[in-house]
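1. I'll drop the sequence and a predicted model, then ask my questions.
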Amino acid sequence: MGTKTMIALFILDYHHVLLVSLIVSTVVEALEVTGGNMTVALGETAVLPCKLTGTSEPITQISWQRVTRGRPQKENFLTIIPKDGLKPVNGHVGRFTFIGSISSNDGSLQLASVELMDEGIYTCIFTLFPSGNHGADILLNLLVPPISSLKGNLLALGSEEVDLVTCTAAGSRPPAQVRWLTGTLAGKVRITNSSTEHPNGTTTTVSSLFGVPTREMNQHVVRCVVTNAALSKEETLAFTIQVYFSPLEVSIRQQAKDSFECVTEANPRASFTWNRSDNSWPQSARADAATLRFVSMASDLNGLYQCEASNSYGTKRGHLYVHVTSGGCTACWIVLCLLLLALSAGTAAVMFLYKSGKFPRTGEGTSRNRMSDTTPNTAQGVEEEEEERDRLQTEGPV
């Protein structure tokens, strides 16, 4: 009788223990602390979420631990106590703010002005009574936007390939992508790319354009396009290629019936100086930069005028020969000779005859009479001019 009772009580107690165990197990399995992975850009504000659900046990404190780039050893850095609030464990609170609520089982933190050294794993721990500690990890990832820049090189006309311009996307996380928009230069330039990883986890990407500097390339606009997850949109940097060269062919063009202009192509822009071969200057002539103007048709205009175009890369010259004579009437005759002289080779002398002391209309004679092969060399051209001048003095105009 006694034995059976003991067995029955044992079975009853066993089932009672089993029932209690099942209840406790259910409570423990329902309790959960949730965190999450957070990704923010450098300098932004990060929210580190931490919430407790599935229990009615009272919270005695909330603790925070971290392992970051700046602090590679795990450390407790903050504690939140129901009556005392936020307290730093080591040092000071710094940029952290408690934005949760103990009564709502919310232990979330806010981190202002996120720095690269803040990246890492943060652990939120709820201490409950009587079950103890329950925690979750929050992974903080940092995006670092690149610092983008363009640098062009000093380019002169040449026949060899050189580095035209370099685009740099510095210190980004993840690495930036760089591409070029070259327009009509496509196929005429070559692109190179390289990247360098830094100890702090950022990467610098460098992309360069290579090509042969030509006149056609001068003033051409190319664009560097930088893409990165930390940027809200693509960055586009425009660059105007500058190819420097000395003045090319110098020509003298008629502006009006009494003025002429010295014209050339150069980079940087050429400056102009007018003078005469005999180092004198007539009262009837006025020079202003590239323009030469005749105030009146006086004999003191006679002579060879030189226009010198120059910049820091070189000098070229063009010549204008003027001869004024008087005939049987009050009308004047003028013979103008435009000599386009290059530094490297002799050029021809082209002669124009103007009647009644008037210059031709603008544009008349300049392009129509530009003949480059009528005289073998400059010396011969000047000799022919002198012969023509002597003939006019002795015979008069035809």
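-> Received it, and whenever you're ready, just let me know what you need.
2. check contacts around the residue lying closest to S312 once chain neighbours are set aside.
-> Closest residue to S312 apart from its sequence neighbours, by CB to CB, 6 or more residues apart in numbering: P268 at 6.8 Å. C-betas here are computed from N, CA, C, even on glycine. Residues in contact with P268, defined by CB atoms under 8 Å, 6 or more residues apart in numbering, are Y244, N311, S312.
3. And for N37?
-> I138, L139, N141.
4. Let me see the contact set for the second one.
-> Counting by CB under 8 Å, 6+ apart, L139 touches N37, M38, G120, I121, Y122.
5. any idea how far Q283 is from the closest residue to S259 other than its chain neighbours?
-> Spatial nearest neighbour of S259, chain neighbours left out: R293 (4.1 Å); criterion: CB to CB, 6+ apart. R293 is 13 Å from Q283, where distance means CB to CB, to the nearest Å.
6. Neighbour count for those two, which is higher?
-> A count of neighbours by other CB atoms under 10 Å puts R293 above the other of R293 and Q283, at 15 against 10.
7. What residues does that one make contact with?
-> D258, S259, F260, A285, R286, A287.
8. beta partners of it?
-> S259, R286 (DSSP bridges).
9. and whatever helix or strand L78 lives in, what does it pack onto?
-> Using DSSP states H and E, L78 falls within strand 75-81. For strand 75-81, the helices and strands in contact under the criterion 3 or more CB pairs under 8 Å, 6 or more residues apart in numbering; DSSP states H and E are strand 59-68, strand 85-88, strand 96-98.
10. Out of those strands, which is closest to V162?
-> strand 59-68 (45.2 Å; CB to CB).
11. Count residues in the vicinity of T123, would you?
-> Around T123 there are 19 residues (other CB under 10 Å).
12. and what of the one 4 residues further on?
-> A count of nearby residues for T127, using other CB under 10 Å, gives 18.
13. what does whichever helix or strand it is part of rub up against?
-> Using DSSP H and E, T127 falls within strand 120-128. Strand 120-128 is contacted by residues 31, 33, 35, 48, 50, 52, 55, 57-69, 71, 105, 107, 109, 133-140 when judged by CB under 8 Å, 6+ apart.
14. quick revisit: give the residues shared as contacts by R293 and Q283.
-> Shared contacts of R293 and Q283 (CB under 8 Å, 6+ apart): none.
15. so Q177 sits right up against A229, yeah?
-> No: taking contacts as CB atoms under 8 Å, Q177 lies outside contact range of A229: 9.8 Å.
16. Now for S232: which residues touch it?
-> Under the criterion of CB under 8 Å, 6+ apart, S232 has no neighbours.
17. what about 10 Å?
-> S232 sits next to A41, P145 when contact means CB atoms under 10 Å, 6 or more residues apart in numbering.
18. For it, which three-state class applies?
-> Secondary structure state of S232, per DSSP: H, G, I helix; E, B strand; the rest coil, is coil.
19. Quick check, T203 in contact with A230.
-> No: T203 is beyond contact range of A230, at 11.8 Å (criterion: CB atoms under 10 Å).
20. shared neighbours, these two?
-> V144, P146, S172, R173, P174, A176.
21. Now do the second one against S271, distance only.
-> In this structure, P146 and S271 are separated by 42 Å, where distance is defined by CB to CB.
22. neighbours around V295, how many?
-> 12.
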